[in-house]
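Participant: got a predicted structure here, sequence first:
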Amino acid sequence: MPSAAARAAFLDRDGVLNVDTGYVHRPDQVVWVAGVAAGLRDLRAAGYAVVLITNQSGIGRGYFTRADVDALHAWMRARLAEHGAAIDAVHLCPHAPGPGGAPACPCRKPRPGLIETALTEHRLARRGSFLIGDSPRDAEAARAAGIPGYRFDAGRLDSFVAEVLAGERTPEAGPPTAGGRVQTS
């Protein structure tokens, strides 16, 4: 993890790091998004802590266990490390949605609990941090946490990250960025 009060790049998992094929919980189900390792390396080179935040309702629904997901994340981190990329921390919500699909807990996106916990637990700076997700609930979580949220809609993650860092992407949610660029101080 970069130094205390580092900025964070919060990344959703399914649809950002790996193709979302539904309830991915084993290594043989992982199809990496193109450019994922390079994108993570670029974030670290720019001074960001890389924090994975992910809803994993399959645990709460009984489709797989927390141990299954923890093992998958360890495998993902090891495979990425083989390519010089790192995920500094993983925070997940294991709960199934409540009635009508509403969040049943404070950690399930679109609520900001995962982001807030990571900010506090790892002493990360809110200012200058941002989120990359692939769904409206990711953008809502970013907005609720007071950080910019960018919508990744497929393609290469490294190209998308480069555009975010260069200020060529407009956040879908959250506070405005400085001159279109991610705030750095």
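Facilitator: Ah, there it is.
Participant: longest helix in this protein, please.
Facilitator: helix 66-81 (DSSP state H).
Participant: that one packs against which elements?
Facilitator: helix 36-45, helix 57-60, strand 89-93 (3 or more C-beta pairs under 8 Å, 6 or more residues apart in numbering; DSSP states H and E). For glycine as for every other residue, the C-beta is placed from the backbone atoms N, C-alpha and C.
Participant: for residue 100, which of those is the nearest?
Facilitator: helix 57-60 (14.0 Å; C-beta to C-beta).
Participant: measure how far the longest helix of the chain is from the centre of its chain, please.
Facilitator: 15 Å (C-alpha atoms, centre = their mean, to the nearest Å).
Participant: buried ones in it?
Facilitator: Within helix 66-81, the residues that count as buried by 16 or more other C-beta atoms under 10 Å are 69, 72, 73, 76, 77, 80.
Participant: low pLDDT regions in this protein?
Facilitator: Along the chain, segments meeting pLDDT under 70 span 1-4, 103, 174-185.
Participant: residue boundaries of the strands in it?
Facilitator: Secondary structure of the chain (DSSP state E): strands at 7-11, 48-55, 89-93, 125-133, 149-151.
Participant: what helices and strands are in contact with the last one?
Facilitator: Right, strand 149-151. Strand 149-151 packs on strand 125-133, helix 136-145, going by 3+ C-beta pairs under 8 Å, 6+ apart.
Participant: name the residues that touch the first one?
Facilitator: What it means is strand 125-133. With contact meaning C-beta atoms under 8 Å, 6 or more residues apart in numbering, strand 125-133 is reached by 5-12, 15-16, 48, 53, 109, 115, 119, 138-139, 141-142, 145-152, 160-161, 164, 171, 174, 182-185.
Participant: cool, thanks, talk later.
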